[in-house]
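1. build the 3D model from these lines:
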Amino acid sequence: MLEIQDLRVTHGPIEAVHGIGLSVAEGSCVALLGPNGAGKTSTLSAITGTARSTGSIRLAGQDISRLAVEARTRLGIAISPEGRRIFSNLTVRENLVMGAASRANKAGVNKEILGWFEQFPILGERRDQPAGTLSGGEQQMLAIARALMSQPRILLLDEPSLGLAPQITARIFDIIRDLRRQGITILLVEQNATAAIGLSDYVYVLNNGTISSQGEAAQYGDGAMLMDQITGVHS
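-> Now for the predicted structure:
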């Protein structure tokens, strides 16, 4: 579904990602792990088109490297960004409607919203509340559901557990597990290596803008050694 080759990402004069390659098969979940400052969010920004990059980015065989953000969204890339970035002044339901804004065919949007309210009952209960009044965990559920309203080919998740209490984090990972069962293709950026490995088919470890390790998720065991590496490095 997604194939990246020789990706380089720059922020002004600084190169944050140094010629990496990765792929995500259709229907799989791939984890991109690494410490703060490793280049994980920069990689996702390059995929969505919000960061300057060179190299090849192909979605379902089509080169999207030079397409604008909106065009990439229409072709099937959606992101639940770090920090959630919901529209806090809009209601929960209005946020979901905004998630479908890129769709050419709006038929079925209302039915899909009701479907997400069934999957996330707490959002259904709060459908007419301003999204800014939700708890952190509820906002994360909303961010994921909003991204999925565009009916993407691939869902990018950037630190979905960030800042959440352990019990809420467990619920978020249960949601991601359910999405996997539904066949949704996922690229997951996450600092909780243990949880991410348990969800994923394949793992890439990013350090200082380069891939330092990669392989089937099973080869990383419970992820304890990776957790030590990730939480022990700060940049």
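
2. alpha carbons only for contacts and neighbour counts from here, please
-> Will do.

3. I'd assumed residue 191 was in contact with residue 35.
-> Yes. Contact criterion CA atoms under 8 Å: residue 35 and residue 191 qualify, at 6.9 Å.

4. all helices of this structure, in order?
-> Shown for the chain, the helices assigned by DSSP state H span residues 40-48, 69-75, 92-99, 109-119, 121-125, 136-148, 166-181, 193-199, 224-231.

5. residue 85 is nearest to which of those helices?
-> Of all these, it is helix 136-148 that lies closest to residue 85, at 7.5 Å by CA to CA.

6. got the contact list for the closest one?
-> Residues outside helix 136-148 that contact it (CA atoms under 8 Å, 6 or more residues apart in numbering) are 78-81, 84-86, 92, 95-100, 116, 120, 122-123, 131-132, 155, 157, 160, 163-164, 168-169, 172.

7. list the residues that contact the nearest residue to residue 211 once chain neighbours are set aside.
-> The shortest distance from residue 211 to any non-neighbouring residue, by CA to CA, 6 or more residues apart in numbering, is to residue 205 (5.7 Å). Shown in contact with residue 205 (CA under 8 Å, 6+ apart): 32-34, 211-214.

8. relative to residue 43, how far out is the most centrally placed residue in the chain?
-> The centre of the chain sits closest to residue 157, judged by CA atoms, centre = their mean, with a distance of 1.4 Å. Distance, residue 157 to residue 43, using CA to CA, to the nearest Å: 12 Å.

9. cool, residue 70 as well?
-> Taken as CA to CA, the span from residue 70 to residue 43 is 18 Å.

10. likewise for residue 173?
-> Residue 173 is 22 Å from residue 43, by CA to CA.

11. those two: which has the busier surroundings?
-> residue 43 (25 against 17; other CA atoms under 10 Å).

12. so that one makes contact with residue 17?
-> Yes. Judged on CA under 8 Å, residue 43 makes contact with residue 17 at a distance of 7.1 Å.

13. between the two, what contacts are shared?
-> residue 9.
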